[in-house]
Structures are given as C-alpha cells and as structure tokens.
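Colleague: Would you be able to build a 3D model of this:
(chains A and B)
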2 protein chains.
Amino acid sequence: MEKAVRIAQLFQNEEAHKEKEVTIQGWVRTRRDSKAGISFIEVNDGSCLRNLQVIAERTDPELTRVVDRLATGCSVQVRGVVKPSPGKGQSIEVHAREIVLFGWADPAIYPLQKKRHSFEFLRTIAHLRPRTNTLGAVARLRNRLSFAVHQFFQKEGFVYVHTPIITSSDCEGAGEVFRVTTLDPANPPSPQGRDGNLYSLDFFEKPAFLTVSGQLQAEIYALALGKVYTFGPTFRAENSNTSRHLAEFWMIEPEMAFYDLQDNLELAQSFIKYVISAVLEDCAEDLQLFARFVEPTLMETLETLVRETFEVITYTEAVELLKKSGESFDYPVEWGSDLQSEHERYLTEKKFRKPVAIIHFPRAIKPFYMRVNEDEKTVAAMDVLVPRVGEIIGGSQREERLDVLLQQMELKGIPVEEYQWYVDLRRFGSAPHSGFGLGLERLVQFATGLGNIREVIPFPRTPGHAEF
Amino acid sequence: MEKAVRIAQLFQNEEAHKEKEVTIQGWVRTRRDSKAGISFIEVNDGSCLRNLQVIAERTDPELTRVVDRLATGCSVQVRGVVKPSPGKGQSIEVHAREIVLFGWADPAIYPLQKKRHSFEFLRTIAHLRPRTNTLGAVARLRNRLSFAVHQFFQKEGFVYVHTPIITSSDCEGAGEVFRVTTLDPANPPSPQGRDGNLYSLDFFEKPAFLTVSGQLQAEIYALALGKVYTFGPTFRAENSNTSRHLAEFWMIEPEMAFYDLQDNLELAQSFIKYVISAVLEDCAEDLQLFARFVEPTLMETLETLVRETFEVITYTEAVELLKKSGESFDYPVEWGSDLQSEHERYLTEKKFRKPVAIIHFPRAIKPFYMRVNEDEKTVAAMDVLVPRVGEIIGGSQREERLDVLLQQMELKGIPVEEYQWYVDLRRFGSAPHSGFGLGLERLVQFATGLGNIREVIPFPRTPGHAEF
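Modeller: The predicted model follows:
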C-alpha cells in the first residue's frame, strides 16, 4: 500500500513536514462542514491521542463526493500538504488533495458516536472500545510500561524466562485454580480410567491447572543464571466480582540469587521508579488525559513516587502506627492479622503520603517459601504500597535453608513429595535469594488513575465473562 | 549482601578490573588441586557461558578449609584480586582472598557431575538443567531473541497488546483445544445446571478454552491503533509426541492496519533479520557452543538469512518446482494440497539455499480470515521457510470485505453468531490489514540448531508431561 506517515511522527517533526505532501491513514473521529465551503475532518490513527485536522475544500467535486460520505469511524487514507494551522489546539493541519475511503461506518448503527460513553457500556463493546480516547490511551500506556519492564531488567542483566502456564504443581491451594483438561465434565469418559483414576485419561495423565505464579519455577532459573524475571499471564479462579480482581492478569516476577531482603527492596524501588519515569517522559499527552478526566492527583502521585525515597517500616511498626492513628477502620488492627486495603491506604496516602514498604510480616500469615527471621515469629517479606492502589508489589527473601524449608512445608501442609524439585534447589548449591511480584494491571491502574481493573486489560476475564 | 560483579562484565572490561579486588558470586563447575599447593576453581554465575578461574593458594589454612569442601554445584562467594592469567583459554583469573560457601552439593547425589549428559536425561531434571552449558546458553539466547522482538516492534511504533489466554471463541476447531474449567470431570455437579446445561455452573457460565492464537483479537487493536503485536503463550491439545510439537508455546503475532501482503512480507523479512542480527551481535559465545557441538552449519544459515533477500514464489510456482525437482518425496505434490515439511525443506535447503516466502495458497486449505484473491481460487497467504526448521512464519492479508468474509465463514462452517465482534470490524471502519505469526520456539530452534523443541522451552508441556 501507499507509504504513510504516522500522525505522532508528524506532530513530533512539524517543521520538517511543513509544505510537504504526506499520506496519512486512520479513522475519522468527526467531520464538520463550514458554510464557507470547507470540511474539517479530524483523523486519528492510534499512534497518539491527538487527531490530525484535515481540511478539504469543497470546490473539488471529486474530493467532495468522498468527503460527503465521511462519518465517525470511517477508515481513510488522506494525501495532502502539511500547512500551519490557524485554528486553536493544533499547530499544523493537512490540506487534502485526495481522500480514499476504505471502510464506511453507518452512523445509524455505529455504537461509538461523538459523545462520552460510560466505562460499563464500553466493556460490552470491548472490540470497539480501543477506538476511544481513553481506552486508546490505556493501550499506549500499558504498552510503554510493559516495554519499560523489559528495558529495566535487560539493562540490569536479567534473563527473561518463560515459566509454565499449565502446571501440575499448585502452590497456593487448590480452591482458586482453573483446571486445564481435554476431558468434558458434561460427558466424562467411562469406565473411569486406569485404577478408577479419571485423570489417567486426561491429556497430561494427571490433574493440571493454570499457574497462579511463576515464582517457584523462576527460582530454578535464578539458582542457575543468577538474575531472571518472568512476565506472563497468571490466573485466579476467585469468584469475586470486584473492581480489583481479574481471573486472568499479567504478572512480572523477578527472582535473584545472592539478594537478601534489603537488596530486593532496593531493586523493587529502582524498578518501579524506572517504569513510571518512562511513562512520565514518553506518554505525557496520554497522562494529561487521565489527570484531566479521571484522577486529578495523578501527576502528583507519579512524580512523588519518582522523586521520594520509599518509607520502610516493619509490620510491627505499621501495626503500632495504625493503632494510634485515631482512624476508625472497618477491620480491627491486631498484630498477627493481615493488613487490609484501608490500612494500607492510610499508611501510604495519609501518614506518609508516598510509597511505603512494609517488611517482616508474621510468619503465620505468609507462604511457606518466605525466609524465617531470627525471631522465628516473622518472615523476611516485603509489601510495597502506593497511594490509590495499595499493595502494588509483594515479595520476600526466600527460605534457602533445607531444614527450615522442610519445617515450613510441614507446618503449612505443603506436600513435600510433590515439590521435590523445589526442595532440591536447597539440597544442591542453595544460595540466599529473593524476588517479588508485581501485577501489571495494578501498575496500569496506578499510572492512569483508573479505579476499575476491567478498564486496564484489553479483554477482562471475570466470573461469567470470557467474551471476545 | 555484598555487592558482586558479574562474570560477563569482568570479561567485558578486563583491563579496568586488573589488579583490583572484586567479589563474585556463582556456582562451582569444577575444582582441581595441584601438587604445587594451588586449587583451581572454575566458577560460573550464569551471566555468560565462560567460567571464571579462581586460584586459591593452599598456604592459607582458613581458605583451604573452605576450598576442600568445594564440589561441582556448590554456590560460593569469592573475594579476590583480578590477575592476568598465564593459563590457556582465559586472559584473567581471580586470586582468592576469601571464599564463602553458601550451599553445598553432595557429589554422591548431585546429578550434574562434570560429563556430558543426554538431552533426554536432562529433561527429567528440568529443575537443574539450566545449570548446564547448553541449556544455560539456550536460556540466554531465548532471552535475547525475546527482547529483540520487543525492541523491533517498539522502534517501529507497534503497540504491545495482551490478547486473552482464556477465551470462549475458538477459531481453529474444537478438537485441539484445552478446556478451562472450575468443574471437576471426576465429580461433575448434579443436577446439571440451568436448563440441563452443566456449563451454566462453570466459572465463565459457558465453555471456555485456552487460546490457540491471539490473531483475531489483535485485529481488534490493529483496527484501532494501527500497528500492534502480541507476544504470549498459546496452546494446542494435539496428541502428538514429536520433536516439533508442544502443547504450550509462545507466539509473536503482529497485526497491521493499512498493510497489504507485500507490506506484510517486507515486515516479516526485516523483523526476522533484526532478531537474528541481535543474537549474532550479542550472543557470539553462546552461538559458538551450538555451532561446535550441535549444528555445524549454524553460523552459515544465520548469516545467510541476515545477508540475503528472501526468495518470493507463489504456491503455484512452488508446486511446479517441486514436481520437476526430480526428488522422491514421501508425500505427492499436487496443486491444492498442503506442502509438507519435506517439500518446504527442499525449497529452502536445496533449491534456493536461503529463506523462501511462498505466497498465494489455495483458498480451500487456508483459514476463513485470509483475503480471497481476484482469481477466487487462492488467498493472500504467506509462509516463510528457513533451512532446518521449515515454516517459521505464517501470515496473510486479512479479508476486510464484509460480504466476502461472510461468504468465507459460511463456506468454512464458522458460526457467524459467535463472531459478531469479528464481523463488526468489517462493518465499522474496515481497512486493508495483514499480520503474521511466529512461534518463538521455532525461532530458538533456528538460532541454536537444536532439533528437539523440548530443549528450547524451560518446561516443555507434551502429552503426559506437565511436571515442575
């Protein structure tokens, strides 16, 4: 096809393009015909939030025949000359010489007419919603954050590892996992397999599930290559319909040999500062949309995160601070119980007004793989809290001592026989190591201010919803 | 923990480190004690293939006590001074001042002793195999290729999109998909749900599956943002135990509005040249390992791919070439039947000795979404073939005309009612568009020369296998 320039590039190099003929390809956002015989057509090609204004003189009958059909949503190719724009809100425009209409959109039935649509409505047309300003901006921000994740870890010498999606290991309890099977529960085969075990007939010859985390497998690679990270989908079959939960979401999980909790915390801090700096630098226009229409405090929270050193407190200190805060919480605060969202938000939004890392949580409320501290009551865990979102990072130093790990597994009821490979990592060349996890969607929520997690992933999966 | 320098960095900046004290952290590969009272310890930290030689003088009793325990697989921290090495095969070594042994590995039971292990054996210890030279090199190459994928598309202005993993759309036939469910086929609930429909009781309230491709959803984003790509896991429940098939593998799928087949082909070519150039530049040492021990023609194939322009022929021309090749193929070649691996390999390895793109395949053997050519017998498809691997890229221009698409769906028995969202893309602002898919594992096979796909993914999933 004809080589086109993308609109973002046009705006980035306005001077170089002035008085030059260019071709652009995109979709009509609006068309307005003036009485003076000029049509103003706003075209967007997805490369940036801003539309390019196309001017079509209605003296040309050929051009006018095409322009008259143009409606919101039509896809077009415009060839024309770049001119300084006298209009408000843009410095350049394109004076059309030829417009090709590729695909029409009937205004009588095209759902995305020029008006604000509710997020709820847009979710029902998830195949069209990326064509809106807000959801297009989400897609660009999510892209920039995702690439920044890779840039950060690559420059730090980490190896990107693809941990398995389908797994027969199931580290966080069978209640919340999805089963992966080639059997049909509506028509299970009979007789029921070898020794009456139906799953001997299944694809993997035993029960298999969708992963809830790549951490344990990432530890395998950390103890071979030193520093690794995963970035892939994870799943939770939690039957909760909230604005904070998805059944399918993307996780980033670095895992580092020879890192203790302090090193882990420093990495987490420089990591999150790096990715937020990337959007502040490269997505200014999209961020402004969110600051204006979604969350007025957005820029301040992002800039604070980049500027300030995280506050680090122990869980025990956090409990004390919450107790004497004078706030009335829905959930009581007691040493030994998990912090609730309201507690996290008090600490990061009111008490410290910046990111807060809480370390050394009670052993009883944390998973078996976290390293037991000398007090034997706490583990070397860390949670990083940010305003609005609450917990954005959870991690720990891992238990590298074979005897303590086995003790922990027994205590927590983890079947050692199913995790021999994990135990082996402590049997052969064990080393102090640490890691953390960050949910990409939480990060995108933090960077956009969007309150509902269903807006920050292209096709949200929730109870009853797997459309598109 | 103590700040360590990674061995790859030490080798990259040998001069800057000479006579300086450094700390390194890694795993012992071998230890040898000389009669002259010196121990030679080879340490690897996963940052590169090469080991660092550590010299420990046995005059120091403290040091000797630790060194005497060191065996293959032990994890250590070494503090010492970088010196020019008189030995063969390395230019620097570290003279140890202090060695800390973090984790021992009992030589009587540690499976990875210094000898060559078969790939079959290593697969049974997939939690330890990244500690070997070959599998470590695979991990680094896979990492470099994966990052190069992102670098390429980001510099070209593509948006990375996360298409859904769980989907109720199932575009390539129900026979080969995995079901995702919270129901237990061994104990299906009874009574069987609303109106006797068991799946009304399932998590998504209808049958749901693991994706076989993100293409159709990527088209949604291409027709909003212009140029997008996916990079994520895809699944095939094919019950075939071959060296070419996995049940879980990673796919890269770019999708571009305003691209025709020619544009698509040019993108595919510059994409694959870019990622292979990246490993040629940055992974020379690892590539040499594969060229030496796995595939002698490796470097030549990679360099040819980067240097040569792909041969482009139509399917019809390919069939003619194969017919008059004089080769005796297992499968006969007839216009209208799909090309087999042996045919592909003849074309790319014998006939042209470089990458070959075949375009315009018979309509009957290709999926419904490919654009029908003017002859109405062929579609605007393309397959890119490379030596050893055969087909590495498959793509097409997509059918953007509403009427032709509907015709194709009827012809191929695709239920239109389930794909209204896909049809809508042709109803509202349709545009010529194209895309392709590339399996990451095939790419890693191509770049390493490894013949069995189970070696190029950390934890291969195949019939009967979902361990770790």
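
Colleague: From now on I want contacts and neighbour counts done on CA atoms only, so please keep to that.
Modeller: Will do.

Colleague: Near A:D60, how many other residues are there?
Modeller: 11 (other Cα atoms under 10 Å in any protein chain shown).

Colleague: low pLDDT regions in the stretch 151-300 of chain A?
Modeller: Along the stretch 151-300 of chain A, the model assigns pLDDT under 70 to residues A:170-175, A:191-194.

Colleague: can you give me the strands in it?
Modeller: For the stretch 151-300 of chain A, the strands defined by DSSP state E, counting those that start in this stretch occupy A:159-160, A:166-167, A:179-181, A:209-210, A:227-235, A:248-257.

Colleague: and A:N197, which of these is closest to it?
Modeller: strand A:179-181 (14.1 Å; Cα to Cα).

Colleague: Flag every residue of the stretch 251-400 of chain A that's near chain B.
Modeller: Contact residues (Cα under 8 Å from any Cα of the partner chain) of the stretch 251-400 of chain A with chain B: A:258-260, A:262-263.

Colleague: Among those, which are located in helices?
Modeller: A:262-263 (DSSP state H).

Colleague: Are any of the residues of the stretch 251-400 of chain A next to chain B buried, and if so which?
Modeller: A:258-260, A:262-263 (16 or more other Cα atoms under 10 Å in any protein chain shown).

Colleague: Which stretch among the strands of the stretch 151-300 of chain A is buried most, on average?
Modeller: strand A:159-160 (a mean of 28; mean count of other Cα atoms under 10 Å in any protein chain shown).

Colleague: Give me the helices and strands touching that one, please.
Modeller: strand A:227-235, helix B:133-155 (3 or more Cα pairs under 8 Å, 6 or more residues apart in numbering or on different chains; DSSP states H and E).

Colleague: Show me which positions of stretch A:316-323 end up buried.
Modeller: Going by neighbour count (16+ other Cα under 10 Å), the buried part of stretch A:316-323 is A:316, A:318-319, A:321-322.

Colleague: An error on my part: the question was meant for stretch A:268-283.
Modeller: Applying 16+ other Cα under 10 Å to stretch A:268-283 flags A:268-269, A:271-280, A:283 as buried.

Colleague: ok, back up a step: just say which of the helices and strands packed on strand A:159-160 is most tucked in.
Modeller: Among the helices and strands packed on strand A:159-160, highest average neighbours (mean count of other Cα under 10 Å) belong to strand A:227-235, with a mean of 25.

Colleague: Please work out which residues outside that strand touch it.
Modeller: Here strand A:227-235 makes contact (Cα atoms under 8 Å, 6 or more residues apart in numbering or on different chains) with A:153, A:157-163, A:165, A:177-178, A:210-214, A:218, A:221-222, A:247-257, B:165, B:232.

Colleague: one more time with 6 Å, if that's ok
Modeller: Outside strand A:227-235, the residues that touch it by Cα atoms under 6 Å, 6 or more residues apart in numbering or on different chains are A:158-161, A:211-213, A:222, A:247-256.

Colleague: How far does that strand sit from its chain's centre?
Modeller: Distance of strand A:227-235 from its chain centroid, counting by Cα atoms, centre = their mean, to the nearest Å, is 12 Å.

Colleague: Please apply the same query to stretch A:260-279.
Modeller: 16 Å.

Colleague: This completes my enquiry, with thanks.
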